[in-house]
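Enquirer: Below are the sequence and a predicted model; questions follow.
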Amino acid sequence: MTGSVVVREGTFADRLLAARGSRRKTIDRIARSIALAATIACIIPLAAVLLYVVVKGAGALNLDLITKPSKALGTGGGALQAWLGTLQMVALATLFAVPIGILSGIFVSEFAGNRAARAVRFASDVMVGIPSILVGVFIYALLVLPFKQFNAFAGGVALAVIMIPVIQRTTEEVLQLVPRELREGALALGVPTWRTTVSVVLPTAKAGILTGVMLGVARAAGETAPLLFTSLGSRLVNVGDLGKPMDSLTLFIYNGARSPITALNEQAWGAALLLLLLVLGINVAVRFRSMGGTRA
Amino acid sequence: MTTLSRPGLPTRASPRRGDRAFVLGTRGFGFLIIAILIGIGVVLLIDSWPAWQTFGLDLVTGTQWDPIRELYGAVPFIVGTLYTSLIALILATPIGLLTAIFLSEFADRRLATPLTFTIELLAAIPSVVLGLWGIFVLAPLLRDTLDAFLISTLGWLPFFAGPSYGFSISTAGVILAIMILPTIVSLSREVLRSVPNAQREAMYGLGATHWEVATKAVLPYARSGVIGAVILGLGRALGETMAVTMVIGNKDAVPVSVFEQGQSIASKIAVTFNESTGLQSQSLIAIGVILLAMTLLLNGAARLLVARTTRGPGR
């Protein structure tokens, strides 16, 4: 398969000899600098967003923002209902997505025939690619329209749909890394397949699966679009009433950013800082651990 | 994904009842994922059916979205979606590709790993936070610098006609470019790294420079995978909702100039769906179906291309 190079090798080698090194080296040096510049260009937006969120957010992040709910009218108050909502709906989503994601990951890695494995893997690839706003419309049709009431339960389910493929793929991938000998050892001792999976394979892959779950949590916590038509958002503190609308940090940021009131804009920056701390915190922690852990 | 690399266990051979139940149970969850996926497609189709019945293909080709006359056509949003994504692609492809080349061919391993990690972190920033930054930082900045410059120099072209208010197709395109960069970089890098080293060594053996190796030995070999990575980025751009909604200007018109305000399919659904009923709501779901079809086609094609290269003949 290296033919494409080999075929042209003769003429190219001639050119290599003909052009004495310096011009080619200059081109190489210029190309390297441009490539380096491109790499820096990739990092600038990250740095800029982080910088602004930290600077603007730090000014707005105070005790009130964390401990007080939004006022029903006008400014003042905080984002208590928002972070409580994110916490509850992400927890609900995790509750649904973890068993579905992990068990389907087990199926694909351990039991599925080639065709079934490919089908499930394909389905979860496709699911990752579905615009999250359409997940919102889907859950709206299933869980909001029939009850004529925006509700936090629907929000949690919509987030679960986002999380499931993330957890499924990671679970599958880390299970594939568990050495075959471990399974064979257990089976040779007469342990049934399901016990082998539950007490030998899963514990070995525990850290990796946890990584997948945490990445799923971070992803769900940062989602806005699936919540727009499901949990809707609210200025009231809602603890535990899944049948009512519920706010989230992301909805709070969205509404605050679009508000004409400066004080609400500033609160949005504060909430963005909270959200970034949560989401990037999870990402950095998880990736650092997995880099030092089982696989580079 | 060959059978050899899968450490799975034979299922049919195990006679135990516990095993049977366990396998059946996990299979149920596996198929649940497929069911959810099919469910999304079916529900969206059913709920948009009245709109398709009323307008037929006019939904796809109509240029007006008028709730008062009950006339719904998706052209402004399809154009807005493609326009913003195209800008994102034009900006992100060269930068992303050069970065991937730098990370896989030029940079030291010790430098490449943390750099890749940092760039991938960009993908973890919630879209709504990017949108917030877009509203208050990027949009005014672009309006006063790049937009003003382009209008004064290239303003005679219809695509760069002013004025710019900051909230426009172009700002949405720039935000999208930022969002798809990590996808393009990390996938392209993976593809480039999967190119067998013999390919590089042959070129180095001839006395080629890094750049020559990258462009003449590595890139041609990895071409279809890199194209796949770019298409996957495009797929992501098409469906991106929040950040676009916040900076695109939300105007239901077919944009010509990049500085005009516009609307993508996703942003139209985001801002209108909650306030609409009946035929408008069904038409919104219908344009959602159009979006779904677009992303599915692109993603399918991209996955195929990426899988073909990374699996490649060299491994």
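Expert: Alright, I've got the coordinates. Numbers count the residues shown, from 1 in each chain, chains lettered A, B, ... in the order given.
Enquirer: Go ahead and measure how far the helix or strand in which B:Gly228 is found is from the middle of the chain.
Expert: B:Gly228 belongs to helix B:219-239 when assigned by DSSP states H and E. Put simply, helix B:219-239 sits 9 Å off its chain's centre (CA atoms, centre = their mean, to the nearest Å).
Enquirer: Kindly provide the distance from the spatially most central residue of chain A to A:Leu189.
Expert: Taking CA atoms, centre = their mean, the centroid of chain A lies closest to A:Arg219, which sits 2.8 Å from it. Between A:Arg219 and A:Leu189 the computed distance is 39 Å (CB to CB, to the nearest Å). (Each C-beta comes from the backbone N, C-alpha and C, glycine too.)
Enquirer: same question, B:Met294
Expert: Applying CB to CB to B:Met294 and A:Leu189 gives a distance of 53 Å.
Enquirer: Please say which of these two ends up with more neighbours.
Expert: Between B:Met294 and A:Leu189, counting by other CB atoms under 10 Å in any protein chain shown, B:Met294 is the more crowded of the two (20 against 10).
Enquirer: wait, what's in contact with the more buried one?
Expert: Going by CB atoms under 8 Å, 6 or more residues apart in numbering or on different chains, B:Met294 touches B:Thr81, B:Leu238.
Enquirer: Could you do A:Ile100 as well?
Expert: A:Ala160, A:Ile164, A:Ile167, A:Gln168, B:Phe29, B:Leu32, B:Ile33.
Enquirer: Quick check: which element contains it?
Expert: Using DSSP H and E, A:Ile100 sits in helix A:80-106.
Enquirer: cool, and A:Asn283?
Expert: Here A:Asn283 is covered by helix A:262-292, with elements defined by DSSP H and E.
Enquirer: Output the contacting helices and strands for that helix.
Expert: Contacts defined by 3 or more CB pairs under 8 Å, 6 or more residues apart in numbering or on different chains; DSSP states H and E place helix A:262-292 against helix A:22-60, helix A:63-67, helix A:80-106, helix A:206-221, helix A:249-258, helix B:109-122, helix B:127-133.
Enquirer: Please state the offset of it from the chain centre?
Expert: Distance, centroid of helix A:262-292 to centroid of chain: 12 Å (CA atoms, centre = their mean).
Enquirer: Now do it, average pLDDT.
Expert: For helix A:262-292, mean pLDDT rounds to 90.
Enquirer: Now do the buried residues in it.
Expert: A:264-276, A:278-280, A:282-283, A:286-287, A:290 (16 or more other CB atoms under 10 Å in any protein chain shown).
Enquirer: Tell me the first helix or strand C-terminal of the helix holding A:Ile100.
Expert: Following helix A:80-106 toward the C-terminus (DSSP H and E): helix A:114-129.
Enquirer: So which bits of the helix or strand just after that next one are buried?
Expert: Per DSSP H and E, helix A:114-129 leads on to helix A:132-139 as the next helix or strand towards the C-terminus. Across helix A:132-139, burial judged by 16+ other CB under 10 Å covers A:Ser132, A:Ile133, A:Leu134, A:Val135, A:Gly136, A:Val137, A:Phe138, A:Ile139.
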